[in-house]
Each structure stands twice: as C-alpha cells, then as structure tokens.
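>>> Make a model of this:
(one chain, ligands or ions: 1)
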Amino acid sequence: MELNHIYTGDALKTLRTLPSESVDCVVTSPPYYCLRDYGVGGQIGLENSPERYIANLAKVFMECRRVLKNNGTMWIVIGDSYAGSGRGWGSKNDLYSRKVQPKASFATEFAKPKKLQNYKNKDLIGVPWMLAFALRNAGWYLRQDIIWSKPNPMPESVRDRCTKAHEYLFLRQNRQNTTSTIPPCSNPPSTMDAVRRHTTAVQSTITTPQD
Ligand SMILES: C[S@@+](CC[C@H](N)C(=O)[O-])C[C@H]1O[C@@H](n2cnc3c(N)ncnc32)[C@H](O)[C@@H]1O
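The predicted structure follows:
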C-alpha cells in the first residue's frame with residue numbers, strides 16, 4: 001500500500017485492494033440518506049430504504065474493520081434524514097449554481113424528502129443510531145457519540161420543527177482496549193487556521209506503541 005497516496009474509486013471495491021491491518025485510523029463522512037445525488041453510478045445514499053442504505057454502509061465499514069490495525073480507531077460523521085409524503089420527491093436544487101461553478105456537476109440536493117415504507121410523513125429516520133447499532137452488532141466497539149454542533153446551520157423552510165443544527169461523530173474501535181491515546185481538546189479551535197495548527201500539534205503528541 002502506498003502512503004500519502006489518494007485512492008479514488010468505489011469505496012468497497014477500493015478497500016478490498018488494501019492489505020489487512022494496514023491502517024491506523026479511518027475518518028469518513030459517508031453520503032447521507034436521500035439528501036444528495038452525487039451523479040455517480042453505484043453511489044451510496046439513494047437506496048430504496050434506510051435499511052438497505054445501512055446494509056450497504058455496513059459492508060463498507062466491515063471492510064474498514066479488516067484493513068484497520070487492532071488498536072486503530074474509526075471516526076464516522078453522519079447526519080439524519082426525514083421521511084416525506086413523496087410530493088416533490090426527486091426535484092433537486094443545484095448545490096453549485098451554474099453561474100458560480102459551471103463545471104461542477106457532481107452534487108444536487110433533493111428539495112423534498114422521499115416517501116418511505118414503514119415511516120410516517122415527517123418522521124425523523126434515526127439514521128445515525130441505526131448505523132451505530134448495526135456496526136455494534138457486527139462486532140465494532142461503539143465507544144462514543146460526539147455532537148458536531150453547528151452555530152450557523154443551513155436554514156430550513158420547515159416551520160413545524162427547529163432547524164437541524166447538529167450531526168453525529170461516532171468513535172469506533174476494533175477491540176475493547178486500544179493503546180492509542182486521544183489528547184484532551186481543552187478549548188476547541190474555532191477557525192480553520194486554528195484547526196490546522198491544532199491538528200499539527202495533536203499529531204505530534206499521538207503515541208501508538210508498537211504491538
Ligand atoms: C458527504 S460527502 C463527503 C465528501 C468528503 N468527505 C468531503 O468532505 O468532501 C460523501 C461522498 O461520498 C461519495 N460516494 C458516494 N457513494 C460512494 C461509493 N460507493 N464509493 C465511494 N464514494 C462514494 C460521494 O460522491 C461524495 O463525494
């Protein structure tokens with residue numbers, strides 16, 4: 001496996017080319033359920049049901065488990081979605097207006113939520129926890145749920161509930177006790193520069209004793 005190399009391609013197929021126990025840490029934000037169309041054939045996120053979506057994600061994450069070292073960690077950012085009435089499903093908003101990014105063709109956002117069997121119109125699906133429990137049942141250690149709170153969330157047109165202003169970050173481990181330590185983050189950085197400075201500082205302190 002080449003270091004400092006970006007592997008592109010279908011996640012499951014590409015992961016299968018990587019050797020077992022060769023990765024220290026996985027950080028990922030998979031596509032959310034029925035939120036965006038990335039215009040890629042075989043993309044994850046547009047399955048007919050949330051259960052099928054979770055099953056497809058679980059396949060990818062079980063492959064992550066194979067490539068992850070025993071004392072590795074996996075961090076998943078994931079947000080939730082709503083079930084809809086089906087009215088307006090399929091109409092999309094360009095995430096990038098043609099004026100601003102004429103070449104950008106890779107993502108459009110669905111204007112209305114999808115009608116789903118076994119879910120009532122306006123039901124919150126509970127995707128993050130469906131994934132959390134599916135991976136826990138598959139053998140991953142579910143170590144932590146971290147709330148990514150958004151001070152300036154994307155405004156929503158709905159008037160009968162609050163605007164969504166958080167997403168989930170789940171910490172998973174391959175085994176109960178790992179020897180890697182996560183340094184305290186006393187005052188979280190607030191600007192990108194500060195994030196970069198903090199990341200460099202953190203990287204220089206993480207110790208992963210050799211097995
Ligand atoms: C939420 S976005 C995250 C993007 C990235 N983390 C970022 O910050 O730019 C999800 C990404 O997953 C990609 N994707 C969807 N299905 C995929 C698949 N089967 N294999 C690999 N990538 C996929 C989409 O094209 C999209 O770029």
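>>> and stretch 7-26, what's its mean pLDDT?
For stretch 7-26, mean pLDDT rounds to 95.
>>> From the rest of the structure, what touches it?
If you take CB atoms under 8 Å, 6 or more residues apart in numbering as the criterion, stretch 7-26 is touched by 1, 42, 44, 59-60, 63-64, 66-70, 72-75, 180, 208. C-beta coordinates here come from the backbone N, C-alpha and C atoms, glycine included.
>>> Among these, which ones lie close to the ligand?
The subset of the contacts of stretch 7-26 lying close to the ligand, counting by CB under 6 Å from any ligand atom, consists of 42, 44.
>>> So for the chain, which residue is the most central one in space?
Nearest to the geometric centre of the chain sits residue 29, at 2.6 Å (CA atoms, centre = their mean).
>>> hey, which helix or strand in the protein has the poorest pLDDT?
Here the helix or strand of the chain ranked lowest by mean pLDDT, DSSP states H and E is strand 92-94, holding a mean of 59.
>>> ok, then the element right after it?
Sequence order places strand 108-110 as the next helix or strand after strand 92-94, per DSSP states H and E.
>>> pLDDT averaged over the helix or strand following that next one - what is it?
Going down the chain from strand 108-110, the next helix or strand is helix 127-137, by DSSP H and E. In this model, helix 127-137 has an average pLDDT of 97.
>>> Sort out which residues of helix 127-137 are buried, please.
Residues 127, 128, 130, 131, 132, 134, 135 are the ones in helix 127-137 that count as buried (16 or more other CB atoms under 10 Å).
>>> Would you agree the fifth one is in contact with residue 170?
Yes: taking CB atoms under 8 Å as the contact criterion, residue 132 and residue 170 are neighbours in contact, 5.7 Å apart.
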